[in-house]
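S.K.: need coordinates for the following:
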Amino acid sequence: MNKFFRNKTILITWGTGFLGRSLTKRLLKLNPHSIRIFSRDEVKHFKMAQEFNNNPKLRFLVGDIRDKERLKKAMKWVNLVIHAAALKRLDILEYNTEESVKTNIIWTLNLVSAANESWVEKVVFVSTDKACSPVNTYWASKFVSERIITESNYSNGGKWTVFLSVRYWNVINSTWSIVPILRDKIRKKEDFLLTDERMTRFLITEDEAINLIFDAFELWIGWEVFVPKLDSAKIVDLMQAVQKVNNYKAKIKKIGVRPWEKIHELMINEAEWPRVIIYRNRYIIPSLIEKYKNIKKPSYVLEWHKANIEKYSSADSLISVEEIIKKYGQYLKMKE
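M.R.: Predicted coordinates:
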């Protein structure tokens, strides 16, 4: 990775968000030429510049991901793009479908076009388990975005830009993920809200998410969706773990499953699994289009094997309360 990112110019869309800031911290250690932080919120740009002590390798670019011309300007002389921008509040997006399409789908088309026209080397799209078997507006927009990224490897007009995706669940300590919400409930001495005792979710740390993105850059061919092998847990067990590490007893109030929620999350669905391959601790989903094209096989092809699975669900690989505390306890504790 030192060699890969050295002297490269990297653009991160929604670079002022949790993932963008985390990526920036890691990338700065790898001696890039510069990192361009793209976001439309100038206040967050200002705060991030202060957080990183006005590091001269950081470039703060105010702009809207919907604006193709602004994106093209931001991508000039860029080598690598990490595309993390999205509208994500699925409850709000159910009432704002048009905005979800404009931001989560049209922006992907804009980014692909701008990257091709700017001769960017590689683009990694940060997808989500929500792209797998979508049941609401947000999930459907991520499903389409992921397909756009994959298909763009075959319709790029002879340009050399390579597009690929990584798919994973919300990072355990990211903004609006469940752990910060539970810690906030403790801080306010409020009840924990549980939708259903059967509900399960995947667990992924900040480092695991970044490593997945870095792996995608290193191993890329262009038709892949990279999916990590992850632990999962019952939400009620995660609530118990948060209480134990913070020495707090909360009352758990059941509120019922909301219309847009699933009991278990899917990372790979039944339609995808016949073509899934395993490489080390990653599942890799080849493109459906790949079978029609005589494309170059990746260098790691000799090490992979077919995955003998029918689906990849958060109902699988469940860990206990004690295991949650042992492996993820540092992320569950209240911050000073």
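
S.K.: list the contacts for the closest residue to residue 154 other than its chain neighbours?
M.R.: With sequence-adjacent residues excluded and distances taken as Cβ to Cβ, 6 or more residues apart in numbering, residue 154 is closest to residue 289, at 5.5 Å. C-beta here means a position set from N, CA and C on the backbone, and glycine is covered the same way. Neighbouring residues of residue 289 by Cβ atoms under 8 Å, 6 or more residues apart in numbering: 150, 151, 154, 223.

S.K.: tell me which of the residues you listed fall in helices.
M.R.: 150, 151 (DSSP state H).

S.K.: turn the contacts of residue 289 into TSV, columns for pLDDT and distance to residue 232.
M.R.: TSV is the format used below for the contacts of residue 289 (pLDDT from 0 to 100; distance: Cβ to Cβ, whole Å):
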residue	pLDDT	distance to residue 232
150	88	26
151	87	30
154	81	34
223	74	27
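
S.K.: taking the contacts of residue 289 together, which two end up most distant?
M.R.: The largest separation in those, counting by Cβ to Cβ, is between 151 and 223 at 9.6 Å.

S.K.: quick one: which of those two has more around it?
M.R.: residue 223 (22 against 16; other Cβ atoms under 10 Å).

S.K.: any chance of the backbone angles for that one?
M.R.: Main-chain dihedrals, residue 223, degrees, to the nearest 10: phi -100, psi 10.

S.K.: circling back: mutual contacts of residue 151 and residue 223, please.
M.R.: 287, 289.

S.K.: picking that back up, export the contacts of residue 289 as a markdown table, with columns for distance to residue 259.
M.R.: Listed next are the contacts of residue 289 as a markdown table, based on distance: Cβ to Cβ, whole Å:
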| residue | distance to residue 259 |
| --- | --- |
| 150 | 29 |
| 151 | 31 |
| 154 | 36 |
| 223 | 34 |
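
S.K.: now, which of the contacts of residue 289 sits nearest residue 170?
M.R.: Taking the contacts of residue 289 together and measuring to residue 170 by Cβ to Cβ, the closest member is residue 150, at 22.4 Å.

S.K.: which residue packs closest to that closest one, ignoring adjacent ones?
M.R.: Once flanking residues are discounted, residue 150 sits nearest to residue 287: 4.8 Å by Cβ to Cβ, 6+ apart.

S.K.: quick one, grab the pLDDT at the one you found.
M.R.: With respect to pLDDT, residue 287 has a value of 82.

S.K.: could I get the contacting residues of it?
M.R.: 150, 151, 153, 223, 224.

S.K.: from residue 69, how far off is the residue nearest to residue 68 when sequence neighbours are not counted?
M.R.: Distance criterion Cβ to Cβ, 6+ apart; nearest residue to residue 68, sequence neighbours excluded, is residue 110 at 4.3 Å. For residue 110, the distance to residue 69 equals 9 Å [Cβ to Cβ, to the nearest Å].

S.K.: after the host helix or strand of the residue nearest to residue 68, next one along is what?
M.R.: If you go by DSSP states H and E, residue 110 is part of helix 107-117. Counting by DSSP H and E, the next helix or strand C-terminal to helix 107-117 is strand 122-126.
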